[in-house]
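> Next input, structure requested:
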Amino acid sequence: DENNHEQENFTINMTCQFCWQLATTDYVCTNSTSCMTVSCPRQRYNATCTVRDHIHCLGNRVFPKMLYCNWTGGYKWSTALVLSITLGGFGADRFYLGQWREGLGKLFSFGGLGIWTLIDVLLIGVGYVGPADGSLYI
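Residues are numbered from 1 along each chain as shown. Below is the predicted model:
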């Protein structure tokens with residue numbers, strides 16, 4: 001330049017795309033506080049997403065996006081399955097998942113004389129029965 005300083009040249013390689021088309025790792029979105037996810041089909045919520053500072057894209061850097069609900073209440077699928085297999089006749093699996101009414105029913109009917117217990121092992125095993133608060137398993 002005119003002050004006899006060496007100039008630096010650099011190249012930025014980027015794909016020409018709009019900000020809303022970026023990979024999910026390139027932006028941060030707000031989380032929902034009212035999601036219930038044990039439903040079919042899974043619920044969605046409106047989120048406001050902001051592109052990270054070091055990412056280049058076309059259009060608005062803040063954009064709305066519909067995202068799937070995905071939150072957990074801390075319940076483990078493996079724990080629920082083990083409880084269903086070992087203590088399912090006493091309703092321990094249903095008590096663990098927060099479904100205390102079904103737990104009482106299994107407790108006083110001895111797991112539906114074993115039939116309810118076997119069905120619950122299958123239902124928990126495939127993920128059909130989940131936590132009572134609507135969250136996902138860990």
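> show me where pLDDT drops low in the chain?
The chain contains residues with pLDDT under 70 at 1, 33-42, 70-71.
> Which parts of it are helices?
77-87, 92-96, 100-108, 110-113, 115-125 (DSSP state H).
> which other helices and strands contact the first one?
Helices and strands touching helix 77-87, by 3 or more Cβ pairs under 8 Å, 6 or more residues apart in numbering; DSSP states H and E, are helix 92-96, helix 115-125. C-beta: built from backbone N, CA, C; applies to glycine.
> just the third one next, same as before
Helix 100-108 sits against helix 92-96, helix 115-125, with contacts defined as 3+ Cβ pairs under 8 Å, 6+ apart.
> Ok, which of the ones you listed comes nearest F63?
Relative to F63, the nearest member of the helices and strands packed on helix 100-108 by Cβ to Cβ is helix 115-125, separated by 38.9 Å.
> List the buried residues of the closest one.
W116, T117, D120, I124 (16 or more other Cβ atoms under 10 Å).
> end-to-end on stretch 57-76?
One end of stretch 57-76 to the other measures 39 Å (Cα to Cα, to the nearest Å).
> now do stretch 107-119
So stretch 107-119: terminal residues 15 Å apart, Cα to Cα.
> do the same with stretch 120-135
With Cα to Cα as the measure, stretch 120-135 spans 18 Å from end to end.
> follow-up on the earlier one: would you list the helices and strands packed on helix 77-87 in CSV and tack on distance to K106?
Formatted as CSV, the helices and strands packed on helix 77-87 follow (distance: least, Cβ to Cβ, whole Å):
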stretch, distance to K106
helix 92-96, 6
helix 115-125, 6
